[in-house]
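Participant: quick one, what's the 3D model for this:
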Amino acid sequence: METATRATRTSSPRVVVSVHDVAPAYLTEIRWILSRLDELNAWPRSLLVIPCANGQDDIRRCPELVALLYQEIQKGSEVVLHGFTHRRVEAWRGSPLTRARAALFARQVAEFASTGWPEQRARLLAGRAVLQDIGIEVSGFCPPGWLSTPELPELLRETGFRYLVAMSWLQDLAHGRRIPTPWLGYIGTGGLREELVSVGAALLSPWRRRSRVISLFLHPQGASYSPACARVLLELARLLRERRPVNYAELLNRPS
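Facilitator: As a prediction, this is how the structure comes out:
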């Protein structure tokens with residue numbers, strides 16, 4: 001009976017709920033999102049933390065946010081490194097598709113699609129060091145805007161990261177596999193970009209219905225008063241009736 005129960009849990013449909021742009025400037029909205037997720041029993045979740053947002057908002061100088069991260073970790077959530085400054089550095093790099101996505105959705109935030117590998121390596125190490133200073137170890141990385149240059153996976157392996165979060169998959173760096181994660185979510189931009197994300201999510205609906213794992217992301221910008229965010233939370237409530245929430249690290253330990 002115990003083996004059968006474990007097998008059922010392992011193969012059950014899952015949803016990864018991620019909260020992006022966790023930084024001191026958004027502490028009020030982050031608290032609001034986490035409270036809504038608590039009401040839905042949507043935990044554990046993945047918190048994507050910016051160590052030094054905009055190059056000056058050092059998380060070490062915000063004890064309230066550090067305490068919140070500790071509380072989340074104690075409840076089973078994970079911290080994922082989300083860039084270093086979350087700001088564009090130079091001209092966009094990478095494939096034509098990456099540059100087009102940066103221009104359309106991430107003009108000022110495509111940090112890891114606007115630097116070469118030496119600078120990327122430095123930022124990975126610096127970001128991890130900031131989090132280690134507050135007692136938090138990370139094994140996963142999500143580039144801002146899900147945008148990066150081709151060398152990033154190898155660079156992450158070299159620097160000891162376990163996984164890379166892309167928009168539509170989770171890349172297991174140790175075993176060279178990708179776990180599909182068709183998505184929906186709220187990006188916090190409002191206007192046309194938010195509508196385009198909603199259209200994209202609608203187009204992915206057939207894939208999500210078939211997938212054993214889906215990803216639902218939430219950004220803090222304007223979340224508490226956004227109709228788009230409210231719609232995503234309503235959809236999450238529905239999904240949780242049929243899917244079990246997991247974080248990225250747990251997902252790697254289970255069959256896809």
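Participant: T85 touches D58, doesn't it?
Facilitator: No. With contacts defined as Cβ atoms under 8 Å, T85 does not count as touching D58, sitting 10.3 Å away. From N, CA and C alone the C-beta is placed, and that goes for glycine too.
Participant: of these two, which one has the most company?
Facilitator: T85 (21 against 14; other Cβ atoms under 10 Å).
Participant: and the residue nearest to that one when sequence neighbours are not counted, how far from S215?
Facilitator: Once flanking residues are discounted, T85 sits nearest to G55: 4.5 Å by Cβ to Cβ, 6 or more residues apart in numbering. For G55, the distance to S215 (Cβ to Cβ, to the nearest Å) stands at 28 Å.
Participant: show me where pLDDT drops low in the stretch 151-256 of the chain?
Facilitator: 254-256 (pLDDT under 70).
Participant: ranges for the strands of it?
Facilitator: 163-165, 169-172, 177-180, 183-186, 213-218, 244-246 (DSSP state E, counting those that start in this stretch).
Participant: could you dump those strands to TSV with distance to I50 and mean neighbour count?
Facilitator: Formatted as TSV, the strands of the stretch 151-256 of the chain follow (distance: least, Cβ to Cβ, whole Å; neighbours: other Cβ atoms under 10 Å):
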stretch	distance to I50	mean neighbour count
strand 163-165	14	24
strand 169-172	20	20
strand 177-180	24	15
strand 183-186	17	23
strand 213-218	15	24
strand 244-246	23	19
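Participant: and the longest helix belonging to the chain, what does it pack onto?
Facilitator: Counting residues, the longest helix found in the chain (DSSP state H) is helix 117-133. Judged by 3 or more Cβ pairs under 8 Å, 6 or more residues apart in numbering; DSSP states H and E, helix 117-133 is in contact with strand 52-53, strand 78-81, helix 152-158.
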